[in-house]
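Visitor: Sequence and predicted structure are below.
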Amino acid sequence: MKSPKFRVELRSSVLKDIDRTEIRYRPKIWDKIEALADDPTPRGSLKLSGDGNVYRIRIGVFRVFNEIDYKAKMVIVGHVMHRQTAYKKK
């Protein structure tokens with residue numbers, strides 16, 4: 001088994017975010033987050049404009065936002081949010 005290319009770290013809020021998601025989406029969300037270690041920009045991911053190396057991954061009605069540090073070979077998962085609230089300005 002080959003070792004992952006990137007290290008994946010979760011911000012403390014991510015676990016709370018996932019707990020707030022619908023139960024049927026949780027395994028899919030965890031699978032996508034774990035897969036970021038081998039491919040930090042999977043098919044369907046979208047780089048957000050104006051935010052450096054911040055990407056969005058769509059999983060049904062939920063969005064996973066992560067930042068990629070290519071020098072440190074690290075993916076930092078920042079938020080998991082429902083699409084209705086994901087893009088609202090505060």
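Guide: On my side now, so go ahead.
Visitor: Now do the SS call for the residue most central in space within the chain.
Guide: Centrality entry for the chain: nearest residue to the mean C-alpha point is V64, 3.6 Å, by C-alpha atoms, centre = their mean. With DSSP: H, G, I helix; E, B strand; the rest coil as the basis, V64 sits in strand.
Visitor: Show me what it is bridged to.
Guide: I57, V80 (DSSP bridges).
Visitor: and it, what is it in contact with?
Guide: Counting by C-beta atoms under 8 Å, 6 or more residues apart in numbering, V64 touches 29, 32-33, 56-57, 77, 79-80. From N, CA and C alone the C-beta is placed, and that goes for glycine too.
Visitor: which residue ranges form the strands in this structure?
Guide: 7-10, 46-47, 54-59, 62-69, 74-82 (DSSP state E).
Visitor: could those strands be laid out in CSV, adding distance to Y25 and mean pLDDT?
Guide: Output for the strands of the chain, formatted as CSV (distance: least, C-beta to C-beta, whole Å; pLDDT from 0 to 100):
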stretch, distance to Y25, mean pLDDT
strand 7-10, 16, 96
strand 46-47, 19, 92
strand 54-59, 6, 94
strand 62-69, 6, 95
strand 74-82, 9, 95
